[in-house]
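> Just to be clear, the model below is a prediction. Sequence and coordinates:
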Amino acid sequence: MNTKKLRLGPLPKTESVKLTFACPASLKADLDRYAAAYAQVYGEAVDATTLISHMLEAFIAGDQGFKRRGTTAKPPPV
């Protein structure tokens, strides 16, 4: 496996909010493998749960359809 670059770069330090969700076992296995590759590339061990929020941020940042919607939509009530 070529581990020179991963789509997800070094993780920034951010404030977090706990969120719980269920995912298929195959996705959890892929996340664990990605975490292992991340540790090889960046020399910093992380677990899969740490990667999830950063992957979602990167996904949303790259979603052109979401960007075109702008910020006019109100978030759902909490």
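It's in.

> Which residue is the nearest non-sequential neighbour of the residue most central in space within the chain?
Closest residue to the average C-alpha location of the chain: M55 at 1.6 Å, with Cα atoms, centre = their mean. The shortest distance from M55 to any non-neighbouring residue, by Cβ to Cβ, 6 or more residues apart in numbering, is to L8 (6.1 Å). Just so you know, the C-beta spots here come from the backbone N, C-alpha and C atoms, and that holds for glycine as well.

> So what's the residue count around the one you found?
Using other Cβ atoms under 10 Å, L8 is surrounded by 17 other residues.

> Provide a list of residues in contact with it.
When contacts are counted by Cβ atoms under 8 Å, 6 or more residues apart in numbering, L8 touches 34, 38, 51, 54-55, 58.

> Let me know the closest of the residues you listed to F66.
Nearest to F66 among those, counting by Cβ to Cβ, is A58 at 12.5 Å.

> Who are the packing partners of the host helix or strand of that closest one?
Element membership for A58, per DSSP states H and E: helix 48-62. Packing partners of helix 48-62 (3 or more Cβ pairs under 8 Å, 6 or more residues apart in numbering; DSSP states H and E): helix 25-42.

> For the helix it packs on, which outside residues touch it?
With contacts defined as Cβ under 8 Å, 6+ apart, helix 25-42 is touched by 1, 3-6, 8, 10, 23, 44-48, 50-52.
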